[in-house]
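J.: A structural model of the following input is requested.
(2 chains)
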Amino acid sequence: GQSLEQPSEVTAVEGAIVQINCTYQTSGFYGLSWYQQHDGGAPTFLSYNGLDGLEETGRFSSFLSRSDSYGYLLLQELQMKDSASYFCAVNSANRDDKIIFGKGTRLHILP
Amino acid sequence: DAGVIQSPRHEVTEMGQEVTLRCKPISGHNSLFWYRQTMMRGLELLIYFNNNVPIDDSGMPEDRFSAKMPNASFSTLKIQPSEPRDSAVYFCASSLASGRIEQFFGPGTRLTVL
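T.: Numbering: from 1, shown residues only, chains lettered A, B, ... in the order given. Now for the predicted structure:
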């Protein structure tokens, strides 16, 4: 089977840094992506890791360790607008468009 | 450029009725996905098309669900007959090419079956 595990909720303070972890078990693995979803909105793409290491995009960074079947999303200088759900997703086969989403992590930001 | 367009945005219907959800992908995108999102089950892939051809429908819950993509700019997801457990938000997404990992989601259709 295929499964992705991520915490259901995380709470952090405005201006701080927060890390959202994701572990996966899939029959194949091609890459790990992250999506953000605000309440009532649609998921939007944040980042993708196909190789081990850190990818940085502004205040957001994403990390992948293929040997550990593990990745994380790092959000820095948290802003209230970052309150949302964050989903990790696995692309399990090269040139296959199908991706499997985790259940999502609800990020609460305190002022 | 317009994003993925879905209609209707909200649908309330009674059990047993037929429901048709519609999607227009981003022009030029050749992969289209239908997802269902609920609190209990999260975001589930129902079916996806590549170049208008269904590639994987293993996520379609049962025979009551069907999806078509008659051309590159239009797809439908039909539920007949609908049941209360089908209540969810249904998203359509598209991507540019096979193997591209970034999917662009439409605003979703919130379906309530009474």
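J.: Give the full set of residues in contact with residue 17.
T.: Went with chain A since none was named. A:Leu74, A:Leu75, A:Gln76, A:Glu77, A:Leu78 (Cβ atoms under 8 Å, 6 or more residues apart in numbering or on different chains). C-beta coordinates here come from the backbone N, C-alpha and C atoms, glycine included.
J.: sorry, should have said chain B
T.: B:Pro81, B:Ser82, B:Val113.
J.: do the same with A:Arg106
T.: Residues near A:Arg106 by Cβ under 8 Å, 6+ apart: A:Ser8, A:Glu9, A:Val10, A:Ser85.
J.: Please tell me how far the second one sits from A:His108.
T.: Between A:Glu9 and A:His108 the distance, using Cβ to Cβ, to the nearest Å, works out to 7 Å.
J.: re the thing from before, only the buried subset of the contacts of A:Arg106, as a ChimeraX command please.
T.: Buried members of these, defined by 16 or more other Cβ atoms under 10 Å in any protein chain shown, are picked up in ChimeraX with:
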select /A:10,85
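J.: B:Gly28: which of the contacts of B:Gln17 is nearest?
T.: Nearest to B:Gly28 out of these is B:Ser82 (Cβ to Cβ; 32.9 Å).
J.: before we move on, the earlier item: could you save the contacts of A:Arg106 as CSV and add columns showing distance to A:Gly50 and secondary structure?
T.: Formatted as CSV, the contacts of A:Arg106 follow (distance: Cβ to Cβ, whole Å; DSSP: H, G, I helix; E, B strand; the rest coil):
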residue, distance to A:Gly50, secondary structure
A:Ser8, 27, coil
A:Glu9, 28, strand
A:Val10, 25, strand
A:Ser85, 23, strand
